[in-house]
Structures are given as structure tokens and as C-alpha cells.
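K.L.:
Give me coordinates for this.
(one chain, ligands or ions: 2)
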Amino acid sequence: MYKERGILIVLSGPSGVGKGTVRKELFSTPETNYEYSISMTTRKAREGEVDGVDYFFKSKEEFEQLIEQGRLLEYANYVGNYYGTPLDYVNDTLDAGRDVFLEIEVQGARLVREKAPDALFIFLAPPSLSELESRLVGRGTETDDVIQARIAAAREELAMMDLYDYVVENDQVERACDKINAIVTAEHCKRERVEQRYKAMLKGDL
Ligand SMILES: Nc1nc2c(ncn2[C@@H]2O[C@H](COP(=O)(O)OP(=O)(O)O)[C@@H](O)[C@H]2O)c(=O)[nH]1
Ligand SMILES: Nc1ncnc2c1ncn2[C@@H]1O[C@H](COP(=O)(O)OP(=O)(O)O)[C@@H](O)[C@H]1O
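P.N.:
Ligands and ions are numbered 1, 2, ... in the order given. You can find the predicted model right below:
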């Protein structure tokens, strides 16, 4: 019997918009049926972050070896550090029929679009630029220099939202999560109908 491949869900958007917060909220409920792909990074672990849970923390040399070996679906150099998605994990999980959820910055999302055009692209947008700045400052995890660099990057990142399948405003975390779940559910309905029932019907199997 035809087994549907999982959907690759890409959540992206500027730093500080709330991607991590929304992702954690999504994965804190048992109804969420996606697998989170833990990224590799050369960034230092923040207090409380655990290797293999929040990220796989790698040295620059280790990361560059992963790039050379072609073991990343995509990677980006973001504000001085590498971040990348493990290719085998994503492919194996999708092949097993499970949806995979990536939470990545916009350069990486653009590369995924080239490599996996059938992925589902969702842009998380802030209610306003000033709200984005106050979220970045309020989080208090970066130095002023890094915050300024991220705000500068955010202005360019916001210009990319047109390239996405959906834009979800992160005004309230729960509301954003509900919208993301609704989008994924709708995408399943669409793909199931086309891939399974419709094709089988045309072949006369139904
Ligand atoms: N391209 C790419 N970006 C990633 C990956 N993992 C995380 N990121 C993004 O890298 C950026 C910086 O992440 P991080 O240092 O954890 O800071 P924070 O997300 O702003 O808390 C964020 O926009 C993440 O979404 C990845 O595997 N690939
Ligand atoms: N909907 C929201 N309303 C208010 N504050 C939010 C909301 N979503 C996230 N935040 C706050 O904004 C800050 C940045 O969120 P975070 O998830 O770290 O962003 P990102 O992963 O996109 O860089 C955090 O302090 C977080 O608590």
C-alpha cells in the first residue's frame, strides 16, 4: 500500500520573534504529532541548555567536517556561528511517514526551499518592529552588540516573508500555535487527497 511521506515543516522568521517559544509550546502538548529536528551549532550553550536536547553543540572544525561530508540538509552562518540541520535524521523520519519540524533562520529556509521544494514554509512575523526589538532586549541572553546585529538582520529577514506559503503573526503564543497546527492539518488533507485517494480513484482502485 502507498505510504505517505511525512511533511517537512519549516518555521522561520527573525531572531526574537518567538520561534523558540512557539516551538516549545507546540512540543509541550501531546497532540503535537511532529518530530523536532535538533540542529547542530557552533554557538556556545546558554545557561540551562543541554547538548542533544536544545542543540548538538559542535566545534567549528567538527561542523566544517559535517559540511564537507554532506551531512547537512542546510546550514547557515548566522551572526558569527554555524547552524545546520542533520540530513539523515530528516530523511529517515520523513520516510517513516512522520512530519519533521525545523525551526531555522531565513537563509537556511531559503536553502531548504531549493533542496526540498515540497516542504511547508511558515513565516512567524512580529506584530511590529518595535515589539520585535523589545522581545530581543527583554530576553536578555545577548550582549548589546549581538542584539544590534540581530535587529539589523531582522530588517532584511522581514523582507523575505513573501517567499513563504503562510505568514503567522506571533501576537499571542497559543494563537500562533493554533494557526500552525491548522496549517499543517490542512496541508495533510490536501496531500492525502491528491496523493492517495485521487490517484487511486483514477487508476480505478476505489
Ligand atoms: N539555518 C539554520 N538556522 C537555525 C538552525 N537551528 C537554529 N537556527 C536559527 O538560528 C538562529 C539563532 O539561534 P539561537 O542562537 O538559538 O538564538 P535564538 O533562536 O534567537 O534564541 C535562530 O533564528 C534559529 O531559528 C539550523 O539548523 N539551521
Ligand atoms: N507572543 C509573544 N508575546 C510576547 N512575548 C513573546 C511572545 N513570543 C515570544 N515572546 C518573548 O520574546 C522573546 C524572544 O522569543 P524567542 O522564542 O527566544 O525568539 P526566537 O527563537 O525567534 O529568537 C522571549 O523573551 C519570549 O519570551
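K.L.:
since we're on whichever residue of the chain sits closest to ligand 1, how many residues are nearby?
P.N.:
Minimum separation of the chain from ligand 1 (C-beta to the nearest ligand atom) falls at Gly108, amounting to 2.1 Å. Bear in mind the C-beta positions are built from the backbone N, C-alpha and C, glycine included. Neighbour count of Gly108, defined by other C-beta atoms under 10 Å: 23.
K.L.:
isn't Pro127 right next to Glu169, touching?
P.N.:
Yes: in this structure, Pro127 is within contact of Glu169 by C-beta atoms under 8 Å, at 6.1 Å.
K.L.:
For Leu8, give the beta-bridge partners.
P.N.:
With DSSP bridges as the criterion, Leu8 is bridged to Val100.
K.L.:
Run a quick neighbour tally on it.
P.N.:
Leu8, neighbours per other C-beta under 10 Å, totals 24.
K.L.:
what's the spacing between it and ligand 2?
P.N.:
As for Leu8, its distance to ligand 2 is 19 Å (criterion: C-beta to the nearest ligand atom, to the nearest Å).
K.L.:
and the residue of the chain closest to ligand 1, what does it touch?
P.N.:
By C-beta atoms under 8 Å, 6 or more residues apart in numbering, Gly108 lies in contact with 12, 74-76, 83-85, 102.
K.L.:
redo that, cut-off 6 Å
P.N.:
74, 76 (C-beta atoms under 6 Å, 6 or more residues apart in numbering).
K.L.:
Which positions in the strand or helix carrying it come out as buried?
P.N.:
Using DSSP states H and E, Gly108 maps to helix 106-115. Across helix 106-115, burial judged by 16 or more other C-beta atoms under 10 Å covers 106-113.
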